[in-house]
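[1] With the input below, show me the fold.
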Amino acid sequence: MSKVFPPRLRTSGNSKASYAIVASRFNQELVQSLVDNAHAELSALEPGTQIVLVWTPGSFEIPLFVQATAELNRFQAIIALGVILQGETDHARLIAEAVTRSLLDLSLRHKVPVIHEVLFVKDEAQARARCTGTEHNRGVEAARAAVSAARKLPEIV
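    Alright, predicted model coming up:
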């Protein structure tokens, strides 16, 4: 796990921003922790921001729901959250690769930051360290990346 963690951004004033969190119900206990941490960090960094939560059945469906969310053209950034545990076959790796390619494509096509925190991990211990831990929580990291990208993108487009 990377020891580099993005620093907390400055809190904005009362925000009119909107963010979407698209999250998988599969491995829900772990993903719920990511959602809770991302939501809390978004609210802290952008007080008053609107945060819409969209649940998907699993990680494979996340790109479809990100696409539908992006097509609404009302979010400054979209955060994709899920946990894929490596199994005995290549199935999990194939899902992780497909999700990664799709999220990048959607971000570029819709010109909206899509923050990819669909975690592909070796085992539940790795997942817990990244989802429920406080030192390097990927939900917090995703929120910081979303706010940073949402603030920066309008400066260059």
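[2] only C-alpha atoms for contact and neighbour calcs from this point on.
    Noted.
[3] Quick check: residue 135 vs residue 21, distance?
    Separation of residue 135 from residue 21 (Cα to Cα, to the nearest Å): 21 Å.
[4] Between those two, which is the more surrounded one?
    Shown here are residue 135 and residue 21; by other Cα atoms under 10 Å, residue 21 has more neighbours (24 against 11).
[5] these two touch, right, residue 42 and residue 147?
    Yes - Residue 42 is in contact with residue 147 according to Cα atoms under 8 Å; the separation is 7.3 Å.
[6] Quickly list what's touching both of the two.
    Common neighbours of residue 42 and residue 147 are not found (criterion: Cα atoms under 8 Å, 6 or more residues apart in numbering).
[7] Identify all contacting residues around stretch 78-85.
    For stretch 78-85, contacts defined as Cα under 8 Å, 6+ apart pick out 19-27, 30-31, 34-35, 58-59, 62, 66, 69-70, 92, 96, 112-124, 127, 139, 142-143, 146.
[8] so of these, which ones are in helices?
    The helices, defined by DSSP state H, take in 30-31, 34-35, 62, 66, 69-70, 92, 96, 124, 127, 139, 142-143, 146 from these.
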